[in-house]
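S.K.: Sharing a model prediction with you, sequence too.
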Amino acid sequence: MTDEETIMDGGRGGFVRAEIASQPDCWTAALTTARETSGALPPAGARVAIIGCGTSLHIAAAVASAREVAGAGETDAFPASEMPARGSYDLVIALSRSGTTTEVLEALDRVPGATRTLGITADPQTPIATAVDELIGLDYADERSVVQTRFATTALTLLRAHIGHDMQSVIDAARIALGEPLDERRIDRPHYVFLGRGMALGIAAEAALKVREAASAWSEVYPALEYRHGPVSAAGSGSLVWLMGRADRSLARDIEATGATVLTSDSDPQVDLVRAQRVAVATAQVRGLDPDHPRHLSRSVVLTAG
């Protein structure tokens, strides 16, 4: 089914559903982009900061963890508004789907001139193009929905491929996941909790944000082993606790004892993120919401002076 057919078939939320379905194709294109732009991407050993807002921040956190685990170099992730004004990084990467986010542009303006900057965006014809030294455009992953899905995961694929992850197996698994029927236990729950460790923590944070944005659902995220240290007290029969990445079986048993539904998976966490995106959209539709146009949100946060 083409993007246009999916949109016509689905009514409200048609854009985001089409964009979710197109992710494996976008990720395949990102593998080519990774090869073609390898000179702009951080070399092994470089000290890197990655900045973003919202979804882009969660992707930044996932990449920072993955890069350090791979031994590719020290990597920090910051909300763009909290980027420290210091010159100790070899490269600052700015993730921004729109290329217009005020906090990202202001952070880039504070980066010392001796530090190289790289922007990754879906729209190369936006202000970020003149704010960075080099730019990678993922225009094939741009989106019409306010809720981000494929741009974020395509940027994640680009950066993971550059680190050296086997992304073809992730792409193949995502195609299978997109064809699976949704587990009814995951849809329209009163309480969602996403847990992860390492790279999976950033991805879990993005999954929680998708459920919150698209469906106005109560969702939380925690480092997996921190969940016992207080947050588990809110778990109950209405809770869905989703462990992304490698599951700790003893933790799963402890959570099940609360009456919560616990989900574990052997999938790459990026594949589980695709499942969570689908759950978010399905939950929005059950609740009569339009996931293409969430309440109180816009495609980009552009602040006016004063």
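M.R.: That came in fine, so what should we check first?
S.K.: Just to check, residue 81 is in contact with residue 107?
M.R.: Yes: here residue 81 lies in contact with residue 107, judged by C-beta atoms under 8 Å, at a distance of 7.1 Å. Heads up, the C-betas are built off the backbone N, CA and C, glycines and all.
S.K.: Just want to know which of those two has more residues nearby.
M.R.: Residue environment comparison for residue 81 versus residue 107 gives the larger neighbour count to residue 107, 26 against 14, counting by other C-beta atoms under 10 Å.
S.K.: Remind me which helix or strand the more buried one belongs to.
M.R.: helix 102-110 (DSSP states H and E).
S.K.: ok, residues contacting that helix?
M.R.: Defining contact as C-beta atoms under 8 Å, 6 or more residues apart in numbering, one finds that helix 102-110 is touched by 51-53, 56, 78-81, 83, 85, 92, 94-96, 117, 119, 127-128, 131-132, 301-303.
S.K.: Name the SS class of residue 95, please.
M.R.: strand (DSSP: H, G, I helix; E, B strand; the rest coil).
S.K.: Look at it and report its pLDDT.
M.R.: In this prediction, residue 95 carries a pLDDT score of 98.
S.K.: Compute the number of surrounding residues for residue 166.
M.R.: Residue 166 is surrounded by 10 other residues when neighbours are defined as other C-beta under 10 Å.
S.K.: List the backbone torsions phi and psi for it.
M.R.: For residue 166, the backbone dihedrals (degrees, to the nearest 10) come out as phi -80, psi 90.
S.K.: which SSE is residue 284 in?
M.R.: Going by DSSP H and E, residue 284 is part of helix 269-286.
S.K.: just checking, what packs against that helix?
M.R.: helix 14-21, helix 150-163, helix 167-179, helix 199-215 (3 or more C-beta pairs under 8 Å, 6 or more residues apart in numbering; DSSP states H and E).
S.K.: could I get those as JSON lines with mean neighbour count?
M.R.: Output for those, formatted as JSON lines (neighbours: other C-beta atoms under 10 Å):
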{"stretch": "helix 14-21", "mean neighbour count": "25"}
{"stretch": "helix 150-163", "mean neighbour count": "27"}
{"stretch": "helix 167-179", "mean neighbour count": "17"}
{"stretch": "helix 199-215", "mean neighbour count": "26"}
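S.K.: Need these in TSV (columns: distance to residue 143 and mean pLDDT).
M.R.: Rendered in TSV, the data for the helices and strands packed on helix 269-286 read as follows (distance: least, C-beta to C-beta, whole Å; pLDDT from 0 to 100):
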stretch	distance to residue 143	mean pLDDT
helix 14-21	5	96
helix 150-163	6	98
helix 167-179	17	98
helix 199-215	13	97
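S.K.: just the strands in the stretch 1-150 of the chain please.
M.R.: Taking DSSP state E, counting those that start in this stretch, the strands of the stretch 1-150 of the chain run over residues 48-52, 75-79, 91-96, 116-121, 134-137.
S.K.: quick one, which of those is nearest to residue 243?
M.R.: strand 75-79 (21.8 Å; C-beta to C-beta).
S.K.: between the closest one and strand 48-52, what angle do the directions make?
M.R.: With axes from the mean of the first three to the mean of the last three C-alpha atoms, to 10 degrees defining the directions, strand 75-79 sits at 20 degrees from strand 48-52.
S.K.: any idea how far strand 75-79 is from the chain center?
M.R.: Computed by C-alpha atoms, centre = their mean, to the nearest Å, the chain-centroid distance of strand 75-79 equals 14 Å.
S.K.: Please report how far residue 158 lies from residue 49.
M.R.: Residue 158 sits 17 Å away from residue 49, going by C-beta to C-beta, to the nearest Å.
S.K.: cool, residue 228 as well?
M.R.: Following C-beta to C-beta, the distance that separates residue 228 from residue 49 is 32 Å.
S.K.: go on, residue 58?
M.R.: Counting by C-beta to C-beta, the gap from residue 58 to residue 49 is 16 Å.
S.K.: More neighbours: which of these two?
M.R.: residue 58 (28 against 25).
S.K.: dump the residue contacts of the residue nearest to the more buried one when sequence neighbours are not counted.
M.R.: In space, residue 58 comes closest to residue 206 once its chain neighbours are excluded; the distance is 3.9 Å by C-beta to C-beta, 6 or more residues apart in numbering. Taking C-beta under 8 Å, 6+ apart as the definition of contact, the neighbours of residue 206 are 55, 58-59, 62, 152, 273.
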